[in-house]
Structures are given as C-alpha cells and as structure tokens.
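**Q** no letters, just coordinates:
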C-alpha cells in the first residue's frame, strides 16, 4: 500500500463504501455488504471498524474462520474494540476453544461496560459469556465431583483398615462416617446450585449484576435498566423515590468485584433461566 | 368483568420474562401471607387468591385478584383487578377496578407482585366500612366496553383508607 492510498480522497471514498456496506447489511444483502467493506479495506486497511463490520457479515453467514481473521486484524489496529473481542470470542467458542473464547468475551465485556450507553452491547455479550461459562462450570464441577467421590471412598476404606487393627474387622463407628460425610458435603457445597445472594442482584431485574451503578440514595442497579427506567418511567430512584438524573449514576466497583468473586466460586450462577 | 378487561396483549419482553420467572421462583419459596397462587403455564396472567386478614371486616373471605403483565414490565405497572365478585370497599369499584396509586401514577419498577399484593391486603385491612366508592355507578358505566383501569385518570384524594 503506497502512502498515497491513505490520502484524503481515498479516506472519503472508503467512508462512503462503509456507509454503503451498512445500508446493504441492513437490507440483509450480505454479499454486497462484504464487497463494499472489502473495497473500504483496500483503500484504508488501517481502520479497525471496516474489519469488524466485515466480520459481522461473516458472522451472519456462520463463516467463523473469516470472522476470526478479520477480528484479529481489527484488534491489532484497535485493541479496545468491543465488537472485535466479542466476535473473536464467539468464533473461538465456535471451534470449541472454550477457555480462549471466554477470555475474549470477558475482555469485550470489560471494555463495553459503561462505555457507550447508546449502543449497548453489554447484555448481548453477557448472555454469550454466561452460556460459555456455564458449560465450563459443568465440565469442571463434574470432574470435581468425580474426584471427591473417589477420595471419599478411599478415606472410608482407610478408616476401615485402620480401625480393624484393634477392633472387630471392618467396623467403623457411625459417628466417624457421619463426620466424613459432612466434610465431603462441605467440600462440594460451592458446586451445588442455590440462590444468588440478594445484595448481588439488581432490585429491578432481580438478576445478578453485569454493570452495577449506584445512586445518590445508595441503591445499586443494573446500568442499562436504571437508564431505561429514568427514560421511560421518571427521574426518580425506584426504591427511595428521590429525584435522580442519569449523570448521578456512578459505577459500583465494590459490587462489581463481589459479583466477580461470587461467580468465580459459584459457576452455576451463570445459568440463564 | 372477566376476560373483557384484559389489555391488548403483546408478548412479554425478554427482561419482563426473566424478571417474572424470578418473581415466580421467589413466590414459590415464600408467598406473601394471605395469598395463594396456583402456578399456571401462563406467565403473563396470574390469578391470585387473597384471604381477608383476621380481625378485619374481610376476615376469612376470599377474593380473586387478576394480574396482567404488559410487554415492558416492570417498566410499566401490571394491570391488577378483582374478579367478580369484588370486595365491598370504598376504593374498589364493582367492576373490580382498584383505586390505588401504586398501580398507576406511583408505580416503581422496584415493586413486585408480592409487594403489590401486600399493599392491596393492607388497603382491605384498613377499611372502615364495607361500601362502594361514591361514584361507583358512573365510573362502572363509563368502563362498559372493557376499558382497562390503567386508562382511567385516577384521583387519589384519600390516602387514609
């Protein structure tokens, strides 16, 4: 690519091609959109959005190898691209690279939080991330359960052998067996689905927080949902009814950390009902 | 007034659906006392049985509340009415419509079916007399063609009852 290719004229031309591509995409004319974005890329290959827009077309067609290629290029150009990390994550999950896919989705969620309340992608990213995390948890927890069961049986066997040294053979006091059961029950506890604690759930969605924000009254809500409330219902705090303006919302980082800690211990909480 | 009072219904949004499933799960674990709801497969309409609290005018009497959820619940209030026969109460019309601010202007998305039920029961419990609102006949006549109470412009002039 010669330096001239990045001239003002070709920038303008590339921008026009992108708009054309967007229009085709909206009309579901995916091939035409791909051609337009490809044209834009040829003129200005350093603009990340052209690559992510084309990736979105390939995603629509389930051409995941191409999605991955375009997203990787986009990330090299703009490491903060929410969409590039998001679609790369999906592409990786699609070829069963669970851990890598999750990493990319987490990255995009982190970048997407709070950033553009208008083009809100957090919920969509969260849904995909949850599905992947839940599968990961199912795999890990069934392995843990298997291991614990094996260990428990081995412990019982050891108790029997130990006690049989001076007791009637194979006799183990009931009490010891109960205590052993209790120890293993506790070890399994965090893998047994229960309820997510209320303080980690939004008072409106009743669901675990994705992007918690706190109001001047001290109540924490899901960002997208409280913004929707202020827009549709009225400018007041839903719990305390005190006046509330969108700019008064502040990220609640402590709760965000608490959610993160809870989820890393209790993967079942990713389950979508 | 039964099915004719149902609002024109759009399917629940995803947020509404999620939220109602959570409310339902919570209700099943700990329903508000005095209320019974037998789960049906219709998430969008709950018919709830309420029993008047002991020591009040409605002690031991049972009534049916019908709760219909709009597409954008909880950003919009649910429509709550009593099915026929509605309790005799100064704020409850004979067609089942309830004059209670939180169901209309004072709705907040932080309220739940459960908290609405509790408010309605407390409204019943504090009733001084079993009688209809003064403008009952006129109001009910105006609602004849199945108008939703949410379309009424309510006057909440009396918050003592």
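**A** Noted; the coordinates are in hand. If you're wondering where the values come from, they're calculated on a predicted model, not measured in any experiment.
**Q** contact partners for residue A:196?
**A** By C-beta atoms under 8 Å, 6 or more residues apart in numbering or on different chains, the contact list for residue A:196 reads A:208, A:262, A:266, A:269. Heads up, the C-betas are built off the backbone N, CA and C, glycines and all.
**Q** would TSV of those residues with pLDDT, distance to chain B and neighbour count be doable?
**A** TSV is the format used below for the contacts of residue A:196 (pLDDT from 0 to 100; distance: C-beta to the nearest C-beta, whole Å; neighbours: other C-beta atoms under 10 Å in any protein chain shown):
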residue	pLDDT	distance to chain B	neighbour count
A:208	94	10	20
A:262	96	17	17
A:266	93	17	20
A:269	92	13	21
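**Q** mind picking the one among these that's closest to residue B:73?
**A** Distances from residue B:73 to the contacts of residue A:196, taken as C-beta to C-beta, are shortest for residue A:208 (19.6 Å).
**Q** not counting its neighbours along the chain, what's nearest the closest one?
**A** Excluding the flanking residues, the one nearest residue A:208 by C-beta to C-beta, 6 or more residues apart in numbering or on different chains is residue A:196, at 5.0 Å.
**Q** checking that neighbour next. Helix, strand or coil?
**A** Secondary structure assignment for residue A:196 (DSSP: H, G, I helix; E, B strand; the rest coil): coil.
**Q** can you list the low-confidence ranges for chain B?
**A** Counting by pLDDT under 70, chain B contains low-confidence ranges at B:1-8, B:156-161.
**Q** switch the cut-off to 90
**A** B:1-11, B:13-15, B:18, B:38-42, B:105, B:128, B:135, B:137-161 (pLDDT under 90).
**Q** tell me where the stretch 1-150 of chain A has helices.
**A** Under the criterion DSSP state H, counting those that start in this stretch, the stretch 1-150 of chain A carries helices at the ranges A:8-26, A:30-43, A:48-60, A:64-77, A:82-94, A:98-112, A:122-163.
**Q** in a markdown table, list those helices along with mean neighbour count and mean pLDDT.
**A** A markdown table is the format used below for the helices of the stretch 1-150 of chain A (neighbours: other C-beta atoms under 10 Å in any protein chain shown; pLDDT from 0 to 100):
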| stretch | mean neighbour count | mean pLDDT |
| --- | --- | --- |
| helix A:8-26 | 16 | 95 |
| helix A:30-43 | 20 | 96 |
| helix A:48-60 | 23 | 97 |
| helix A:64-77 | 19 | 97 |
| helix A:82-94 | 24 | 96 |
| helix A:98-112 | 19 | 94 |
| helix A:122-163 | 15 | 90 |
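**Q** relative to chain B, which of these is closest?
**A** When those are compared by C-beta to the nearest C-beta, helix A:122-163 sits nearest chain B, at 8.8 Å.
**Q** near chain B at all, the closest one?
**A** No - judged by C-beta under 8 Å from any C-beta of the partner chain, helix A:122-163 makes no contact with chain B; its nearest approach is 8.8 Å.
**Q** now the helices for chain B?
**A** Assigned by DSSP state H, the helices in chain B fall at B:14-29, B:113-125, B:136-142.
**Q** highest mean neighbour count out of those helices?
**A** helix B:113-125 (a mean of 19; mean count of other C-beta atoms under 10 Å in any protein chain shown).
**Q** my guess is residue B:114 contacts residue B:23, does it?
**A** Yes - using C-beta atoms under 8 Å, residue B:114 is in contact with residue B:23, at 7.1 Å.
**Q** show me the contacts for the closest residue to residue B:121 other than its chain neighbours.
**A** In space, and not counting its chain neighbours, residue B:121 is closest to residue B:34: 5.4 Å by C-beta to C-beta, 6+ apart. Contact analysis of residue B:34 by C-beta under 8 Å, 6+ apart lists B:50, B:51, B:52, B:53, B:117, B:121.
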